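# The following block contains a protein sequence and its predicted model.
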Amino acid sequence: MDPLISLTIALAFATLFGGSAVHQILGWHEWPGVVRNYRLVPETLAPVVAVAVPILEAVTAAALLWSSSRALGAMGAAGLLVVFARALWINIRRGRTQIDCGCFGSRLRSGLSRGMVLRNLLLAALALSLLLPVTPRTLPLFELAVSLTIVATLAFLYPVLSLLLESRPPPEGRAGLPIVRSFAVTRDIR
């Protein structure tokens, strides 16, 4: 794999996991409740899991930043993404699609969807691509700037993709029926 591609993927995942850990820590008053709401661990273990997840995400992000620990970071990223996909899938199968996914510390208040499961599995596969051998060559400053620009662009686009993949019920009107909005074009005739 070309070192520019490898570096860009590693920096993108470091940004993703680092950002997620920061959001969970900043939203600490909500985060343990999100973990409990998944109903995957006993109530007494939920606080432990709530502490462990952002720590594991931060360690994964840090490992991805250095080439000497990148393989470990890639395996950690893939492992976390598969665990998250499994947690989403279990709750989708239970019919619990309206719970908060907890993505980025629960700030987006996203529901669960199959698209999110697929996204996490595809991201896990992409993370594992960092285990491929990297062609030895020095990256010029321009290519480093290109990598950082791509990562910054992806950081802005990721929340948009998350919103597109989330599960939201249609707004309800009277008698629980979906609200259908129509717009009529009128002309002012004088």
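Received it, and whenever you're ready, just let me know what you need. This structure is a prediction, so every number in the text was calculated from the model and none was measured. Numbering: from 1, shown residues only.
# Can you name the residues in contact with the worst-scoring helix or strand of the chain on mean pLDDT?
Taking mean pLDDT, DSSP states H and E as the measure, helix 141-165 is the helix or strand of the chain with the lowest mean score, a mean of 79. Here helix 141-165 makes contact (CB atoms under 8 Å, 6 or more residues apart in numbering) with 4, 7-8, 11-12, 15-16, 19, 103-104, 108, 110, 113, 115-116, 119, 139. C-betas here are computed from N, CA, C, even on glycine.
# Distance from it to the middle of the chain?
Helix 141-165 sits 13 Å away from the centroid of its parent chain (CA atoms, centre = their mean, to the nearest Å).
# Over to stretch 86-106?
12 Å.
# With only the CA atoms kept, save it in PDB.
C-alpha atoms of stretch 86-106 as PDB (Å, rounded to 0.1, in the frame of the first residue of the first chain):
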ATOM      1  CA  ARG A  86     -22.900  -6.300  17.000                       C
ATOM      2  CA  ALA A  87     -24.400  -4.100  19.700                       C
ATOM      3  CA  LEU A  88     -26.400  -2.200  17.100                       C
ATOM      4  CA  TRP A  89     -27.500  -5.400  15.400                       C
ATOM      5  CA  ILE A  90     -28.700  -7.100  18.600                       C
ATOM      6  CA  ASN A  91     -30.900  -4.100  19.500                       C
ATOM      7  CA  ILE A  92     -32.200  -3.800  15.900                       C
ATOM      8  CA  ARG A  93     -33.200  -7.400  16.100                       C
ATOM      9  CA  ARG A  94     -34.900  -6.700  19.400                       C
ATOM     10  CA  GLY A  95     -36.900  -4.000  17.700                       C
ATOM     11  CA  ARG A  96     -35.200  -1.300  19.700                       C
ATOM     12  CA  THR A  97     -34.300   1.100  16.800                       C
ATOM     13  CA  GLN A  98     -35.300   4.300  18.600                       C
ATOM     14  CA  ILE A  99     -32.700   4.100  21.300                       C
ATOM     15  CA  ASP A 100     -29.900   6.600  21.100                       C
ATOM     16  CA  CYS A 101     -26.900   5.000  19.300                       C
ATOM     17  CA  GLY A 102     -24.500   6.900  21.500                       C
ATOM     18  CA  CYS A 103     -22.400   7.800  18.400                       C
ATOM     19  CA  PHE A 104     -20.100  10.700  19.300                       C
ATOM     20  CA  GLY A 105     -21.300  10.800  22.900                       C
ATOM     21  CA  SER A 106     -25.000  10.900  22.200                       C
END
